[in-house]
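Novice: model this:
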Amino acid sequence: MERAEAEAIYDQGRDAVVAVLLRMDEQIQRLEKRVAQQDERIEQLERRIGRSSRNSSQPPSADLPGGPPKRGKDRSGRKQGAQPGHEGKGRPLLPAWAVNEIVEHWPVDCGCGHVFAEADRVSTGQPARHQVEDLPVMAVTVTEHQCQRERCPGCGQTATGVLATEVASSAFGPRLQAAIVTLSIRNRISRRDVVELCEQLFASRISTGTIDAILTRAGDALVEPYADLLDRVRGADALNMDETGWRLKGAQRALWGAFTDRHAVFAIASSRHEDHARDLLADTTAIVTSDRWWAYGHLPVKRRQVCWSHLQRDFAMHADGLAAEKQLGEHGLRICEELFWAWEIYEHTDDRAELKRRIRKLRRELKPILTRHAAKGARYRHGRGFARNLLKIWPALWTFDAIEGVAPTNNHAERGLRGAVIYRKLSLGSQSEDGERRIERLLSAHTTCRLQRRSLHAYLIDLLGAHSRGDPVPLLA
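Specialist: Prediction:
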């Protein structure tokens, strides 16, 4: 407004000036409200930009390249790796019965100039031993099965020999099929690369279509072992559960995983909805360790253990805030550090009484903090929802303290899912619903064999051999 315009309004009298002031005040209030909304929006965007695998459930692969380093310097100032004076771990020699061939090396001459003759070869003491391991020349063995024809002397008809069931089912034996499945699932090698490896390592002629057919056959053979795994996981006393993304022809899906110490089950569903968690868990009475994802909310809190590694990242996110929110985050991070230290001591000493004493102290510290930040008030608005949620599931934070066999983190499930996540990234998911069912079974068998420290290749040899003969297939007990 120019000065002349202001003087003109003033000359119009008191009522005109009051009217203009009221309109200006209304406009100022409207602008202040808009600025406040924009400030809140900017704050939300800044918090979103600041998210990383350190302070959220975002995977490390999604971190921005310019972010902080994932691993800080050791507090002791030492370099990474073994330290001076560290006891080394050499490669032990195999016993004589495990050696395929012995090659003797005799000295040619002595330092004094004497040249040893063959007649001088008399061993003095034990020889210095050095072992070299190598692969034999590998190539598939080709067996031709000939069905001979023979004329019947009685009726004159020609009869032809019949192939055995396990021979007629495929042009490839169970050992080669098991190797192909292992390379594809365990080592996550693409179909074309498996074809190339088979040609170069095994001198085997094979196509990508045959690779798919072998994977399909292996997936079909795992129907009974998969059902048995599902029963064992549901019947366990405690299990870990997590979920991640999957793709079906590019569309978004969800991969669920449930894990015990010895068994793993994967299931692909349309989403991360609670219904799919219910379907996978069915009527289990196990204690389920998971994150705070709402799909696990149907479980009684006394049968849950919330992952403290996830809570640590949540507290780290709030610690990046301001004022009261920052205080909540810093208090939480300190409690997380003391809790993990208490658990590490317990793992080394197996002293549950000491663990309970330490955890009891942390419970008394954390609850008043959460109660204060769950209260109404503008200063608590950023941490209020988080604090209220933790109070709501309070017993699920401490189940590991009361029940043996339950850990305070869900690291077991996250490690179990890692291989499946890498497989999804490389294969881009599945192309059919039947393919989803088969990859569920194959990933379950692969992860279970890893948990049991069992050879996936050896298990698949037995599985595919029994399946081709029509015999009962071995289970992953």
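Novice: what about the nearest residue to residue 363 once chain neighbours are set aside, neighbour count?
Specialist: Residue nearest to residue 363 in three dimensions, not counting chain neighbours: residue 398, with 6.4 Å by CB to CB, 6 or more residues apart in numbering. C-beta here means a position set from N, CA and C on the backbone, and glycine is covered the same way. When counting by other CB atoms under 10 Å, one arrives at 19 neighbours for residue 398.
Novice: I'd say residue 398 and residue 360 touch.
Specialist: No - between residue 398 and residue 360 there is no contact under CB atoms under 8 Å: 9.2 Å.
Novice: Need the pLDDT of the residue nearest to residue 363.
Specialist: Per-residue confidence for residue 398 comes out at a pLDDT of 95.
Novice: repeat for residue 59
Specialist: pLDDT, residue 59: 63.
Novice: Check residue 1 too.
Specialist: In this model, residue 1 carries a pLDDT of 72.
Novice: so where's this protein shaky on pLDDT?
Specialist: 47-48, 50-77 (pLDDT under 70).
Novice: Let's see that with 80 instead.
Specialist: The model of the chain has pLDDT under 80 over residues 1, 7, 9-10, 40, 43-83, 85, 88-90, 135-141, 164-171.
Novice: quick one: the strands in the protein?
Specialist: Here the chain has its strands, by DSSP state E, at 149-151, 158-160, 238-248, 251-259, 264-269, 287-290, 304-306.
Novice: Including mean neighbour count, could those go into TSV?
Specialist: Rendered in TSV, the data for the strands of the chain read as follows (neighbours: other CB atoms under 10 Å):
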stretch	mean neighbour count
strand 149-151	10
strand 158-160	10
strand 238-248	21
strand 251-259	21
strand 264-269	24
strand 287-290	24
strand 304-306	24
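Novice: closest one to residue 457 among the ones you listed?
Specialist: Evaluated with CB to CB, those place strand 264-269 nearest to residue 457, the distance being 17.6 Å.
Novice: The closest one: partners in the sheet, and parallel or antiparallel?
Specialist: Sheet neighbours of strand 264-269, with direction, are listed as strand 251-259 (antiparallel) (DSSP bridges).
Novice: thinking again about what came up before, ok, the residue nearest to residue 363 to residue 374 distance?
Specialist: Relative to residue 374, residue 398 is positioned 18 Å away (criterion: CB to CB, to the nearest Å).
Novice: picking that back up, out of the strands of the chain, the one nearest residue 334 is which?
Specialist: With CB to CB, the closest approach to residue 334 among the strands of the chain belongs to strand 304-306: 18.2 Å.
Novice: Given that closest one, what are its sheet partners and their directions?
Specialist: For strand 304-306, the pairing partners within the sheet under DSSP bridges are strand 287-290 (parallel).
Novice: And the helices in the stretch 351-477 of the chain, which stretches?
Specialist: Here the stretch 351-477 of the chain has its helices, by DSSP state H, counting those that start in this stretch, at 352-373, 384-392, 399-402, 411-427, 433-451, 456-469.
Novice: so can I have a markdown table of the ones you listed showing distance to residue 204 and mean neighbour count?
Specialist: A markdown table is the format used below for these (distance: least, CB to CB, whole Å; neighbours: other CB atoms under 10 Å):
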| stretch | distance to residue 204 | mean neighbour count |
| --- | --- | --- |
| helix 352-373 | 55 | 15 |
| helix 384-392 | 56 | 17 |
| helix 399-402 | 50 | 20 |
| helix 411-427 | 22 | 18 |
| helix 433-451 | 21 | 21 |
| helix 456-469 | 16 | 20 |
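Novice: Redo those as TSV? Include distance to residue 244.
Specialist: Rendered in TSV, the data for the helices of the stretch 351-477 of the chain read as follows (distance: least, CB to CB, whole Å):
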stretch	distance to residue 244
helix 352-373	29
helix 384-392	22
helix 399-402	23
helix 411-427	6
helix 433-451	12
helix 456-469	21
